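A.B. asks: have a look at this fold, sequence not included:
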């Protein structure tokens with residue numbers, strides 16, 4: 001296999017391409033879900049549970065809301081707040097009991113263990129999904145949930161389905177297993193894991209709204225066009241990144257932060273056993289992200305400012321980036337980070353709206369979200385998906401977040417660790 005991130009080579013692609021998707025369908029997709037819907041807005045239920053994969057839930061919610069879907073995030077726990085894997089905390093919009101009388105055009109289950117088991121064991125959710133199936137509406141699941149939840153409920157009989165590799169044997173007792181990244185069979189869509197969730201979510205958009213809307217949504221995501229183990233990163237002024245026994249990383253978040261970017265960064269770095277502190281720039285721990293996902297920080301930024309971190313990394317999102325730029329604490333932390341010869345990074349809008357105006361890109365090459373690149377004084381690397389310039393790392397947007405995060409792992413912990421995580425997440 002080609003090396004992942006080991007040979008970091010300059011890359012400039014002057015002609016951006018829309019991603020191509022392989023969504024395997026064993027039957028002709030039944031568009032009844034579109035023709036029988038009275039309202040233009042599609043109602044979607046995303047149930048969440050303790051121990052679920054946060055990346056799978058958040059990407060699905062984010063992408064569907066970009067398409068204009070009316071998404072309800074419902075907790076199957078007794079309370080709204082859910083403690084997902086990797087220490088990510090999410091607050092639901094409602095309890096699952098509040099959703100019993102609502103007709104949904106789609107129900108989509110994230111995975112994770114014990115998250116999938118907690119979804120399976122909730123009788124209210126089981127009844128909702130069984131009714132969804134019996135009435136001919138769309139239902140879907142990713143990662144462990146096709147096998148653990150849908151399969152155990154008897155909702156995959158006679159259908160082709162996929163899931164996380166470790167659960168394929170279990171799935172084989174309730175469905176015809178296939179190894180496609182996203183599988184459509186009739187009214188059911190299944191997918192493999194964290195690294196396939198963005199493709200899965202765009203496939204859900206296509207089933208709800210059609211291909212034109214799916215293409216419209218997928219373009220600005222900046223998704224990868226291939227799924228091999230080649231991640232092309234532009235690296236300039238190469239230096240060895242060092243840390244203590246584990247990297248200590250500060251991830252500020254604010255109202256309007258891009259939830260996909262924030263959660264992917266946190267998720268990947270914690271998988272690598274980095275010590276990640278998520279700090280709210282506001283006056284409370286809970287923030288309302290750009291697509292209205294409610295995330296809960298570990299501490300307020302004023303408290304986090306007392307810590308010494310190897311890396312400070314800013315997620316994007318227009319509102320979040322503006323909040324960072326207006327925060328004297330954030331800007332001072334970044335300036336001290338540079339003065340202390342430590343590492344810093346930003347993705348999406350943040351390189352252009354935070355680093356550039358505060359002089360934190362002086363003498364550096366960087367990239368950013370395409371619509372923001374005009375604000376960069378040096379535009380020579382704006383087409384690159386990830387740029388490392390000495391102790392600075394920048395990237396473009398939601399669809400480059402996994403590469404960005406894996407590049408950070410590679411710089412601190414090496415190629416083998418980055419490849420291990422990429423394989424486990426099914427990024428490659």
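C.D. replies: Okay, I see it. Because the structure is a prediction, the values reported are computed rather than measured.
A.B. asks: helix or strand for residue 346, just tell me which one.
C.D. replies: Taking DSSP states H and E as the criterion, residue 346 maps to strand 343-347.
A.B. asks: from the contact counts, what lies against that strand?
C.D. replies: Judged by 3 or more CB pairs under 8 Å, 6 or more residues apart in numbering; DSSP states H and E, the packing partners of strand 343-347 are strand 311-314, helix 328-339, strand 392-395, helix 401-413. Backbone N, C-alpha and C define where each C-beta goes, glycine included.
A.B. asks: now for these, which one comes closest to residue 123?
C.D. replies: For residue 123, the closest of the helices and strands packed on strand 343-347 is helix 401-413, at 35.4 Å, according to CB to CB.
A.B. asks: which residues touch the strand holding residue 346?
C.D. replies: Outside strand 343-347, the residues that touch it by CB atoms under 8 Å, 6 or more residues apart in numbering are 241, 261, 265, 310-316, 334, 337-338, 354-355, 360, 366, 368, 391-397, 400-401, 404, 408, 411.
A.B. asks: do that again at 6 Å, thanks
C.D. replies: Strand 343-347 has contacts (CB atoms under 6 Å, 6 or more residues apart in numbering) with 261, 310-314, 316, 334, 337, 355, 391-395, 404.
A.B. asks: what is the neighbour count of the nearest residue to residue 221 once chain neighbours are set aside?
C.D. replies: The spatially closest residue to residue 221, leaving aside those adjacent along the chain, is residue 399, at 4.3 Å (CB to CB, 6 or more residues apart in numbering). If you count neighbours by other CB atoms under 10 Å, residue 399 ends up with 21.
A.B. asks: so residue 399 makes contact with residue 220?
C.D. replies: No: in this structure residue 399 lies outside contact range of residue 220 using CB atoms under 6 Å: 8.7 Å.
A.B. asks: report the contact partners of residue 341.
C.D. replies: By CB under 6 Å, 6+ apart, the contact list for residue 341 is empty.
A.B. asks: for residue 182, see how far away the residue nearest to residue 221 is.
C.D. replies: The gap separating residue 399 from residue 182 is 15 Å, by CB to CB, to the nearest Å.
A.B. asks: same question, residue 163
C.D. replies: 11 Å.
A.B. asks: likewise residue 149?
C.D. replies: Relative to residue 182, residue 149 is positioned 17 Å away (CB to CB).
A.B. asks: beta partners for residue 286?
C.D. replies: Judged by DSSP bridges, the bridge partners of residue 286 are residue 296.
A.B. asks: show me where the protein dips below the pLDDT cut-off.
C.D. replies: 1-40 (pLDDT under 70).
A.B. asks: show me the domain layout of it.
C.D. replies: The chain is divided into the following domains under automatic domain parsing: 23-221, 234-424.
A.B. asks: go through those domains and name the closest to residue 228.
C.D. replies: Closest of these to residue 228 is domain 234-424, at 10.6 Å (criterion: CB to CB).
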